[in-house]
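In: need a structure here:
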Amino acid sequence: MDFRIGRPVMAEDGRAGTLDRLIFDPVADQVRGLVVAEAGLLPHDVVVPLDQVLSADEKEVRVRGTVAEIAALEGFTHAQFTEPPQDWLPPPDLAAGSTAFLFPASPYAVGAFAPATPITLPPIAAEEDKPAGSVDLNAATSVVCTDGVAGTLNRVLTEGDTDRVTHLIVRRGALIARDIMVPAALIATADEQTVHLTISQAELGRLPEFQE
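Out: Below is the predicted model:
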């Protein structure tokens with residue numbers, strides 16, 4: 001793809017913003033995402049994963065999703081990235097200069113570029129053995145705060161050998177992912193598709209991160 005800094009980034013229903021930077025993974029030696037500067041309906045700069053990019057040429061970059069869906073992506077925070085070394089040269093097939101690139105700031109961030117690891121949940125009991133009111137949670141379950149969708153369920157932590165849930169691990173962000181530990185006491189309601197929490201997204205962001 002021919003990425004040109006400053007070119008418009010077009011969503012399926014209009015202009016989403018302007019191409020501002022390229023996120024480059026020096027370990028994999030390839031572009032992993034785009035920093036799209038706010039314009040039009042975008043409330044802030046966002047990071048668009050490379051797998052959402054449909055095409056890029058000298059005129060524009062086209063991405064999958066509506067402007068609203070692009071605006072809902074992980075916001076760009078410069079602290080998550082670092083400038084390349086001064087003597088670093090970008091791959092020859094990329095026309096953008098070295099000042100247009102950012103590296104992930106930590107090995108954890110580099111690892112977040114990899115596809116999500118499948119979640120191993122406890123075996124599902126036969127329907128007749130389930131306690132009344134129980135639900136099956138999986139990686140497709142959305143997690144919703146009081147002010148909107150916050151992420152997806154990454155895994156469920158239970159107490160010892162019992163099935164009593166103590167925490168949910170909520171994955172936030174597509175490109176730079178964070179796994180947040182949410183105490184079960186903060187669950188308002190839950191079904192197979194959605195878990196509703198009693199806290200806001202800002203309050204969720206202040207909870208501790210999950211470490212393997």
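In: Help me confirm that Ala11 comes into contact with Thr66.
Out: Yes - the pair Ala11 / Thr66 is scored as a contact, 5.5 Å apart, by CB atoms under 8 Å. The way it works is simple: take the backbone N, C-alpha and C, and place the C-beta from them, glycine included.
In: Looking only at neighbour counts, state which of the two leads.
Out: Ala11 (24 against 15; other CB atoms under 10 Å).
In: can you count the residues close to the residue nearest to that one when sequence neighbours are not counted?
Out: Nearest residue to Ala11, sequence neighbours excluded (CB to CB, 6 or more residues apart in numbering): Val67, at 4.6 Å. Applying other CB under 10 Å, we find 21 residues neighbouring Val67.
In: what about Val67, distance to Val35?
Out: From Val67 over to Val35 the distance is 16 Å, taken as CB to CB, to the nearest Å.
In: what do you get for Thr141?
Out: Relative to Val35, and taking CB to CB, Thr141 is found at 29 Å.
In: Likewise for Ala16?
Out: Using CB to CB, Ala16 is found at 12 Å from Val35.
In: Give me the more crowded residue out of those two.
Out: Ranked by neighbour count (other CB under 10 Å), Ala16 and Val35 place Ala16 first, with 30 against 23.
In: Using the three-state scheme, assign the more buried one.
Out: What DSSP: H, G, I helix; E, B strand; the rest coil gives for Ala16 is strand.
In: likewise Met181?
Out: Criterion first, three-state DSSP; result for Met181: strand.
In: Can you give me the pLDDT of it?
Out: We have a pLDDT of 87 for Met181.
In: With Asp161 instead?
Out: Asp161 is given a pLDDT of 66.
In: Could you list the single helix or strand in this structure with the lowest mean pLDDT?
Out: helix 107-111 (a mean of 40; mean pLDDT, DSSP states H and E).
In: which other helices and strands contact the next helix or strand after that helix?
Out: Next along the chain after helix 107-111, taking DSSP states H and E as the criterion, comes strand 142-145. The contact analysis (3 or more CB pairs under 8 Å, 6 or more residues apart in numbering; DSSP states H and E) places strand 142-145 against strand 148-158, strand 194-197, helix 201-205.
In: Buried ones in strand 142-145, by neighbour count?
Out: Buried residues in strand 142-145, counted by 16 or more other CB atoms under 10 Å: Val143, Val144, Cys145.
In: Name whatever forms a beta bridge with the nearest residue to the second one once chain neighbours are set aside.
Out: Meaning Val144. In space, and not counting its chain neighbours, Val144 is closest to His196: 5.1 Å by CB to CB, 6+ apart. Applying DSSP bridges to His196 gives these bridge partners: Val144, Thr189.
In: Now do the contacts for His196.
Out: Val144, Ile187, Ala188, Thr189, Ala190 (CB atoms under 8 Å, 6 or more residues apart in numbering).
In: Most neighbours among those, which one is it?
Out: When neighbours are counted as other CB under 10 Å, the busiest of those turns out to be Ala190, with 20 neighbours.
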